[in-house]
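Asks: What shape does this take:
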Amino acid sequence: MNLKHPFHLAFPVHDLEAAKKFYTEIIGCTLGRSSKKWIDFNMFGHQVVAHLSPEDTPKVSQSDVDGKKVPARHFGIVLEWNEWHAFADELKSKGIEFLIEPYIRFKEKAGEQATMFFLDPSGNALEFKSFKDPENLFKT
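Replies: From the prediction side, this is the model:
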């Protein structure tokens, strides 16, 4: 994937080996540079970096959205519609424990989107989503 402006995100983890296994084997990231204190991952063309900082690993606070408990702090990727569905199936086959099971919001309305939430081994919340019509990403 060649993005004009890939983002960079750094986040704390309590165990680099657990993070490495999760982000490569479950999410499908590839490895970049690393040290004894951090690991770069290529997440769908974006640079995400796990920093060893056990004292900073998150306690998940949640807010109500559509009657579901959504982690207030989370990150992830907006995938193409069919890619999202295939990824959700793959995660299910790998036994991911979802905070919010894959589902469709705003079905048959403007802004129809698929979403799912789960935690990495350090408690960082991830959301992967997709819009039925990608033009609605920022539509109000």
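Asks: packing partners for the longest helix that the chain contains?
Replies: Counting by DSSP state H, the longest helix found in the chain is helix 81-93. Helix 81-93 makes packing contacts with strand 98-105, strand 113-119, strand 125-131 when contacts are defined by 3 or more C-beta pairs under 8 Å, 6 or more residues apart in numbering; DSSP states H and E. C-betas here are computed from N, CA, C, even on glycine.
Asks: Let's see that with 7 Å instead.
Replies: The helices and strands touching helix 81-93, judged by 3 or more C-beta pairs under 7 Å, 6 or more residues apart in numbering; DSSP states H and E, are strand 113-119, strand 125-131.
Asks: K109: what secondary structure?
Replies: Classification of K109 by DSSP: H, G, I helix; E, B strand; the rest coil places it in coil.
Asks: how's the chain carved up into domains?
Replies: Residue ranges for the domains of the chain, per automatic domain parsing: 8-54, 62-136.
Asks: Can you add mean neighbour count and give the ones you listed back as TSV?
Replies: Converted to TSV, the domains of the chain look like this (neighbours: other C-beta atoms under 10 Å):
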stretch	mean neighbour count
domain 8-54	16
domain 62-136	15
